[in-house]
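**Student:** Just need the structure, nothing else, for what follows:
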Amino acid sequence: ATVWFDLVSLFPPTYLDRPHGNRIDLMEKLAAMHPKFLRLPGGNYLEGDHIAERFEWKRTIGPWVDRPTHPSPWHYRSSDGMGLLEFLEWCEDLKIEPVLAVYAGYSMAQEHVEPGPALEPYIQDALDEIEYATGGADTWWGAERARDGHAEPFPLHYVEIGNEDWFDKSGSYDGRFAQYFKAIKQRYPNLQLIATTPVKSVKPDVLDEHFYMSAEESLGDANHYDKTDRGGPKIFVGEWATREGEPTPNLEAALGDAAWMTGMERNSDLIVMASYAPLLVNVNPGGMQWETDLIGYDALSSYGSPSYWAQVLFASHLGSEVVASALTDAGPRMYASVTRDDKLRKLFVKVVNASSETEPVTIALAGVEKVQPDAKLVTLSGKTPNATNTIANPEAIVPVERGITVNGPKFEQSFAPYSINVLEISY
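**Tutor:** The predicted structure is shown next:
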């Protein structure tokens, strides 16, 4: 007999043995970053170049063989095997929440839908999408999700309306956002709604800001949010990265990233979320659409860039409260932030030395009468700013931990050149 196969998809073992799930090594690297959310389905991928090429979520659910596929703005055709449900299950596997971005009537080739009646079907589609993610099995789209194999609703607190709508030259986003905002809040009043550019028609709950910078720009603007007005919406730094090195960032980029993160951490009363972008890159020839990317992989293995390890360092020493801090008499390429965890009785002092010299720093812990003498210093550093990790040498730049002795609340500590450091002190 002759047998025709319409669709063949071969999977190696997956993370948590999820059917149609994700690669174990990539998910383990993401888990090590202690993430809290995944912004999905991504930025430009949501919009497409043309309205007809947007991420139509209803065409990405159900049996794979029935998904029609669609062109991606990155110039490949997406199979849509990674559809809406697969994105949501990715979040479930990592025990994190989705930040769901819904199509808002703008595509990148300057095509848009005018606010008013023409926009209503797209708004209804967004409401249906939220119901698919969060609705019980007694709802229309919640029942559809259950038929697709996931009976329980997913947690959802943030919905982003569009992506990078500052590129829309029509000026229609203000009206489009207001129309989405009213409809979603009416149905889901507790959802936090994110605008992708400032609007005047209504005050968004959160504003998404994007930054792609050189290392000098990251270092020079590390205090960006120190001077931001607290009267506006909260901030989601939805895409950001220091772009030095390819296909993945080098140490210079990691230093810029870490300096920028000290600024975000100091201002976490304002910044509710931040997500590095892009996350993953295929390092095989012809596999890259964008440099630089946090984690590199080929068909068999993967590695974390120096910027990846900077993310791991910060996320592993988060703390529960920001402590007021100041750098005095420090070099111009020194950056710091301090947090504490009262439950663990630990203080996390993060110090970035982006200079070529060892920097001695006097650390004075005001308001602390006594600290434990045994402390820990974790350092990510290299001999040159161009030092990096590769698929062939994945651990050239990795954090190194050592014990140090702290003699009281005031002490001196030296920080190596080109280094990102976390000093963990018990009190």
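**Student:** Going by C-alpha atoms from here, please, whenever you check contacts or count neighbours.
**Tutor:** Fine.
**Student:** Dump the C-alpha coordinates for stretch 85-92 into PDB.
**Tutor:** Extracted in PDB, the C-alpha atoms of stretch 85-92 (Å, rounded to 0.1, in the frame of the first residue of the first chain):
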ATOM      1  CA  LEU A  85      -1.900  26.800  24.400                       C
ATOM      2  CA  GLU A  86       1.700  25.800  24.100                       C
ATOM      3  CA  PHE A  87       2.800  29.300  25.200                       C
ATOM      4  CA  LEU A  88       0.500  29.000  28.200                       C
ATOM      5  CA  GLU A  89       1.800  25.500  29.100                       C
ATOM      6  CA  TRP A  90       5.300  26.800  28.800                       C
ATOM      7  CA  CYS A  91       4.400  29.200  31.600                       C
ATOM      8  CA  GLU A  92       2.800  26.400  33.600                       C
END
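**Student:** Return the set of buried residues in that stretch.
**Tutor:** Buried residues in stretch 85-92, counted by 16 or more other Cα atoms under 10 Å: 85-91.
**Student:** Then stretch 90-110?
**Tutor:** Going by neighbour count (16+ other Cα under 10 Å), the buried part of stretch 90-110 is 90-91, 93-94, 96-108.
**Student:** re the thing from before, quick check: the farthest pair among the buried residues of stretch 85-92?
**Tutor:** For the buried residues of stretch 85-92, the maximum inter-member distance is 9.9 Å, found between Leu85 and Cys91 (Cα to Cα).
**Student:** and the helix or strand containing Tyr212, which strands flank it?
**Tutor:** Here Tyr212 is covered by strand 206-213, with elements defined by DSSP states H and E. When sheet partners are counted by DSSP bridges, strand 206-213 sits next to strand 192-195 (parallel), strand 234-242 (parallel).
**Student:** okay if I get these as a markdown table plus distance to Tyr180?
**Tutor:** Listed next are those as a markdown table, based on distance: least, Cα to Cα, whole Å:
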| stretch | distance to Tyr180 |
| --- | --- |
| strand 192-195 | 9 |
| strand 234-242 | 19 |
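**Student:** Output those strands in CSV; the columns should cover mean pLDDT and mean neighbour count.
**Tutor:** As requested, the strands paired with strand 206-213 are exported to CSV (pLDDT from 0 to 100; neighbours: other Cα atoms under 10 Å):
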stretch, mean pLDDT, mean neighbour count
strand 192-195, 98, 24
strand 234-242, 98, 22
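**Student:** Nearest to Val398, out of those?
**Tutor:** Closest approach to Val398 among the strands paired with strand 206-213 (Cα to Cα): strand 234-242, 18.2 Å.
**Student:** ok, and what's touching the closest one?
**Tutor:** With Cα atoms under 8 Å, 6 or more residues apart in numbering as the test, strand 234-242 has contacts from 39, 205-215, 218, 249, 253-254, 256-257, 270-278.
**Student:** List buried residues within these.
**Tutor:** Counted by 16+ other Cα under 10 Å, the contacts of strand 234-242 give 39, 205-210, 213-215, 218, 249, 253-254, 256-257, 270-271, 273-278 as buried.
**Student:** ok, which stretches of the stretch 51-200 of the chain are helices?
**Tutor:** Chain-ordered helices for the stretch 51-200 of the chain, with DSSP state H, counting those that start in this stretch as the definition, fall at 84-94, 120-134, 140-147, 173-187.
**Student:** Please name whichever of these is nearest to Glu369.
**Tutor:** Glu369 lies closest to helix 84-94 among the helices of the stretch 51-200 of the chain, at 39.7 Å (Cα to Cα).
**Student:** average pLDDT for the closest one?
**Tutor:** When pLDDT is averaged over helix 84-94, the result is 98.
**Student:** Look at the residue lying closest to Thr197 once chain neighbours are set aside and say how many residues are nearby.
**Tutor:** The spatial neighbour of Thr197 that comes closest, neighbours along the chain excluded (Cα to Cα, 6 or more residues apart in numbering), is Trp166 at 5.7 Å. Other residues near Trp166 number 13, with proximity taken as other Cα atoms under 10 Å.
**Student:** ok, back up a step: mind putting the buried residues of stretch 85-92 into CSV with distance to Phe411?
**Tutor:** Putting the buried residues of stretch 85-92 into CSV (distance: Cα to Cα, whole Å) gives the following:
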residue, distance to Phe411
Leu85, 52
Glu86, 51
Phe87, 48
Leu88, 47
Glu89, 48
Trp90, 45
Cys91, 43
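**Student:** List the residue ranges of the stretch 201-350 of the chain that fall below the pLDDT cut-off.
**Tutor:** Within the stretch 201-350 of the chain, no stretch falls below the threshold (pLDDT under 70).
**Student:** Which residue ranges of it form strands?
**Tutor:** 206-213, 234-242, 271-276, 280-282, 295-297, 302-304, 321-322, 334-341, 346-353 (DSSP state E, counting those that start in this stretch).
**Student:** and the residue nearest to the spatial centre of the chain, how far is that from Asn386?
**Tutor:** A centroid search over the chain (Cα atoms, centre = their mean) returns Ser275, at 2.0 Å, as the residue closest to the centre. Ser275 sits 24 Å away from Asn386 when distances are taken as Cα to Cα, to the nearest Å.
**Student:** one step back: put together CSV for the helices of the stretch 51-200 of the chain, with distance to Lys200 on each row.
**Tutor:** Shown next, in CSV, are those (distance: least, Cα to Cα, whole Å):
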stretch, distance to Lys200
helix 84-94, 31
helix 120-134, 20
helix 140-147, 33
helix 173-187, 7
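**Student:** Can you say which of the ones you listed is nearest to Val312?
**Tutor:** Of the helices of the stretch 51-200 of the chain, nearest to Val312 by Cα to Cα is helix 84-94, at 15.0 Å.
**Student:** packing partners for that closest one?
**Tutor:** Helices and strands touching helix 84-94, by 3 or more Cα pairs under 8 Å, 6 or more residues apart in numbering; DSSP states H and E, are strand 37-40, strand 97-102.
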